[in-house]
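S.K.: task: produce atomic coordinates for the following.
(chains A and B)
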Number of protein chains: 2
Amino acid sequence: MAIDVLQEKIRKCKNPVMVGLDPYLPILPQHIVNDAFAANGQTIEGATAAYERFCTELIDALKNVVPAVKLQSACFEALGAQGIALMQKLSKYATELGYYVLIDSMRSDIGPVAEIHAQAMFDSVPIGQERYPLYQCDALTVNGYLGTDGIQPFLPYCKNAGKNIFVVLKTSNKSSREVQDLLSGDRVVYTAMADLLMRWSNGLYGKNGYSEIGAVVGATYPQTLKMLREKYDRMFFLVPGYGTQGGTAKKVQFAFDRFGHGAIIAASRSIICAWQKAGSDGTDYLTHAVAAAEQMKKDISKYVVIL
Amino acid sequence: MAIDVLQEKIRKCKNPVMVGLDPYLPILPQHIVNDAFAANGQTIEGATAAYERFCTELIDALKNVVPAVKLQSACFEALGAQGIALMQKLSKYATELGYYVLIDSMRSDIGPVAEIHAQAMFDSVPIGQERYPLYQCDALTVNGYLGTDGIQPFLPYCKNAGKNIFVVLKTSNKSSREVQDLLSGDRVVYTAMADLLMRWSNGLYGKNGYSEIGAVVGATYPQTLKMLREKYDRMFFLVPGYGTQGGTAKKVQFAFDRFGHGAIIAASRSIICAWQKAGSDGTDYLTHAVAAAEQMKKDISKYVVIL
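M.R.: Down below sits the predicted model:
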């Protein structure tokens, strides 16, 4: 089961960290942008080449340092077709290198549209008698606001194809409370969503006891993490918001169970842009990224021992 | 303001209908698939060629019959880079032909990611000193579960660039009640979302009185439409779920104000696949699509007079 695979990859690296690849020209080291522009001009090709080198070098450098990467769909879509071609390529490359790969697209569709999305991302595209695998990923993020009809199309892939989805419960941003914290009876909206998630998980548990349907819970609300961990002891957490957004090792410790299992912490800019914070010119950005990922491991290990 | 432009386009066609272009091989007329496969093989190129002919012919045929089209992002993403290239092309083509164009991607991001998404979809992609317009649309669908932080990045485009967003309130599917209808105080979640929408609309009203930030409300819940229409008299509704999903003219009448303004009804399969229901072989699918769009206009006009 995919959730066992993820836990095993985390155990091997002893680092419960998923690195977010959110490429965007202003955050790329200048030498990468310069080289790409020199070869391709200030064009979509140039930007795509810069993204490709940046992401590929990070994927290479972080191999065996972190077990998982997250590709931010919107960043690739923003370069149009060429960006999507790159996302396809990177999703395959990271998979080949042994990473657990999540495509972060936070969509919310129902019916045939959700089926088309699930099939394209988790399987292959059927064309006549042929099938074309375009993307290659282990997991997707999904928004559950539309209810079961929006989740159902993904479940066969979680059951039979070794895939996970992560449903957004409680996000790391300040205004997440506006909808997610609305009180309803003895629950808030995000715990009502968590209850739905447990219902969707029926028959979908890995050997480690965790559901193939994980939950997105922000790093910035430690009390929420603690409460959810206690109440939903079979729910695997993907925890964004570490670093730049205010999440710390001290805060995210509550996402883990007593074996140090059940959660992975996502970090993007705090790792891939670590060179900026260090005042570097960017030429050594990989050294800084690896150091930041190692430091994150060290910081988390002060609170969490992964058995 | 974009919402005035939309209302004016509806008035000109006297048809408050947005046609959903959700291409997908199994729903395409066989002659289109055969021709595309004959020229390109059973390949991604073949499928893309089939989608392109299908969508382009529909856009041509429905010109002046309906004022607006909706491109379903997931359907194009499912063909990878080539699908996205086609979505870019179709978004420009439909805009050139005078349609109000909505890209239906139902995303829910925050911070820089939402900014990148908004900029790519509503403006152009800055690369060095150059700017590249990739997509061309008037509106996007957005999921507001993440709160203000997920909406804020779109507001400058609504204020200054003639764009609209439509925030999902209450969807047409059965299980929409699981989250959207949760009771919270004297509101349900979707009215709480509607209250947020009104807050986001501050300073963003068109000359016709409607907000540049519209709401997605399903066609299958007429009492909800009626209640929302009465309570939120400055909120423009995008109403999906007509036809195949069970929405009827009788039900959607409540989405409109007494001038027949304030709403547009989305229909996809009931128009673009009308040939199937008619038992046709698909060669005359355009005739059936136009007839279905005209019939929808006629049906709605029994209940709604557009002034």
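
S.K.: what helix or strand is the single nearest residue of the stretch 201-307 of chain A relative to chain B on?
M.R.: Here the stretch 201-307 of chain A gets closest to chain B at one residue, residue A:245, 7.8 Å apart by CB to the nearest CB. Every C-beta, even on glycine, is put in place using the N, C-alpha and C of the backbone. Taking DSSP states H and E as the definition, one finds residue A:245 inside no helix or strand.

S.K.: let me see the contact set for it.
M.R.: By CB atoms under 8 Å, 6 or more residues apart in numbering or on different chains, the contact list for residue A:245 reads A:172, A:173, A:218, A:219, A:220, B:111.

S.K.: what's the pLDDT at it?
M.R.: What the model reports as pLDDT for residue A:245 is 83.

S.K.: next, give phi and psi for the most centrally placed residue in chain A.
M.R.: Nearest to the geometric centre of chain A sits residue A:70, at 4.0 Å (CA atoms, centre = their mean). Phi and psi for residue A:70, reported as degrees, to the nearest 10, are phi -120, psi 120.

S.K.: likewise residue A:107?
M.R.: Residue torsions, per degrees, to the nearest 10, at residue A:107 are phi -90, psi 170.

S.K.: looking at the stretch 151-300 of chain A, which residue is nearest chain B?
M.R.: At 3.3 Å from chain B, residue A:175 is the closest residue in the stretch 151-300 of chain A, using CB to the nearest CB.

S.K.: was I right about that residue contacting residue B:146?
M.R.: Yes: the criterion here is CB atoms under 8 Å, and residue A:175 meets it with residue B:146 at 7.3 Å.

S.K.: between these two, who's got more neighbours?
M.R.: residue B:146 (28 against 18; other CB atoms under 10 Å in any protein chain shown).

S.K.: in what helix or strand does the closest residue to residue A:209 other than its chain neighbours lie?
M.R.: Setting aside the residues directly before and after it, residue A:209 is nearest to residue A:234 in space (CB to CB, 6 or more residues apart in numbering or on different chains), at 5.6 Å. Residue A:234 is part of no helix or strand, with elements assigned from DSSP H and E.

S.K.: could you do the one 4 residues further on as well?
M.R.: Applying DSSP H and E as the criterion places residue A:238 in strand A:237-239.

S.K.: quick one: check stretch A:145-157 for contact with chain B.
M.R.: Yes: interface with chain B: stretch A:145-157 contributes A:145, A:146, A:147, A:148, A:149, A:150 (CB under 8 Å from any CB of the partner chain).

S.K.: just stretch A:99-113 next, same as before
M.R.: Yes: for stretch A:99-113, a contact with chain B is found by CB under 8 Å from any CB, at A:105, A:106, A:107, A:108, A:109, A:110, A:111, A:112, A:113.

S.K.: so which bits of stretch A:202-210 are buried?
M.R.: If you call a residue buried by 16 or more other CB atoms under 10 Å in any protein chain shown, then stretch A:202-210 has these buried ones: A:204, A:205, A:206, A:208, A:210.

S.K.: again, but for stretch A:284-295
M.R.: Buried positions in stretch A:284-295, judged by neighbour count with 16+ other CB under 10 Å: A:285, A:286, A:288, A:289, A:290, A:291, A:292, A:293, A:294.

S.K.: and what of stretch A:171-179?
M.R.: Residues of stretch A:171-179 classed as buried by neighbour count (16+ other CB under 10 Å): A:171, A:172, A:173, A:175, A:176, A:177, A:178, A:179.

S.K.: repeat for stretch A:86-97
M.R.: By neighbour count on 16+ other CB under 10 Å, the buried set for stretch A:86-97 is A:86, A:87, A:88, A:89, A:90, A:91, A:92, A:93, A:94, A:95.
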